[in-house]
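A.B. asks: Provided below for reference: sequence and predicted model.
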Amino acid sequence: RTVYVNGEYLPEEKATVSIFDRSFLMADGVYEVTSVLGGKLIDFAGHAKRLERSLNELEMQKPDAFDDLLDIHRELVRLNDIDEGMIYLQVSRGSAGDRDFAYPSADVKPTLVLFTQNKPGLADSPKALEGFKVISIDDQRWGRRDIKTTQLLYPSMGKMMAKAAGCDDAWMIEDGHVTEGTSNNAYIVKGNTIITRHLGTEILHGITRAAVLRFAKEAQMKIEERSFTIEEAQGADEAFITSASTFVMPVVEIDGAAVGAGTPGPIAARLREIYLEESR
Ligand code: PDD
């Protein structure tokens, strides 16, 4: 695989970052995951905009190559011959050559890393026909989940808790209401209405979420942006999640209770179909 590090395209085994890099020592980094379908980047502009916002919120410098990010993404797709998969991008506050809680001075340049993940068959994943089973767990992440940081230990723990329970993912609960999945936004469906948590600092503002809600409106579906409980979700007609890595994925079981018929519902299936059609 050819990866990108601070201005250079290199074979992955030649790519290095300092052990003092603040993403390594402090999780002082932000990231984006952009999907690739048929060799085409999906929603690149949305990801670039959210990256800029994450950097601003953390007073992190933009990497020098910020305006070249689209070209870099395209070059990595080409060099690695990616038809279906993802591009991972990370910016960290860089390395001042020592460990210090205070941010380094402005002459310390951010670290920019990108690599591809080849996932042939991603769009036709058989999992979309089965649906995800999720468990609920307490949301123990920090309070600024609208910033896409590399502090992913708790979401990783959540994924492991889900696996240990024989499930695919975990929905996180705060003050009795679902925030989101470990790496995706959460939705329920009642009749013709799609319900998903309103935007705020409690959840990541998903790029896939924005696209799917736009397609849902165009398809005359109703949308309610509000929080919901696990009990409401278990009693809903359908449930699903969205993210750049799963697109629209039905959820068929929550904490052992079947949602609807316990099989992927028609609205989730239709939204997945529209999303893939519009993206390809
Ligand atoms: N995760 N919520 C969280 C906590 C996420 O980590 C993600 C994305 C989303 C969905 O955002 P988007 O639609 O922009 O992908 C929601 C990526 C895919 C990841 O961490 O791999």
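C.D. replies: All right, it came through fine. Just so you know, these numbers come straight off a predicted model, no measurement behind them.
A.B. asks: contacts, neighbours, all on C-alpha from now
C.D. replies: OK.
A.B. asks: helices of the stretch 101-250 of the chain, residue ranges please.
C.D. replies: In the stretch 101-250 of the chain, the helices defined using DSSP state H, counting those that start in this stretch lie at 127-130, 153-164, 207-218, 230-234.
A.B. asks: check contacts around Q61.
C.D. replies: Taking Cα atoms under 8 Å, 6 or more residues apart in numbering, we find Q61 in contact with L55, R93, A106, K109, P110.
A.B. asks: so which bits of stretch 117-127 are buried?
C.D. replies: Buried positions in stretch 117-127, judged by neighbour count with 16 or more other Cα atoms under 10 Å: Q117, N118, K119, L122, A123.
A.B. asks: so which of the residues you listed comes closest to the ligand?
C.D. replies: Of all those, Q117 has the smallest distance to the ligand: 10.9 Å, by Cα to the nearest ligand atom.
A.B. asks: got the contact list for that closest one?
C.D. replies: Counting by Cα under 8 Å, 6+ apart, Q117 touches G85, M86, I87, Y88.
A.B. asks: now do it, the pLDDT please.
C.D. replies: We have a pLDDT of 98 for Q117.
A.B. asks: in strands, which of the buried residues of stretch 117-127 appear?
C.D. replies: Q117, N118 (DSSP state E).
A.B. asks: OK, contacts around S136?
C.D. replies: If you count contacts by Cα under 8 Å, 6+ apart, S136 has them with A170, W171, M172, I173, I230, I254, D255.
A.B. asks: picking that back up, okay, the buried residues of stretch 117-127 in TSV with distance to the ligand next?
C.D. replies: What follows is the buried residues of stretch 117-127, written out as TSV (distance: Cα to the nearest ligand atom, whole Å):
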residue	distance to the ligand
Q117	11
N118	14
K119	13
L122	13
A123	14
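A.B. asks: noted, bye for now.
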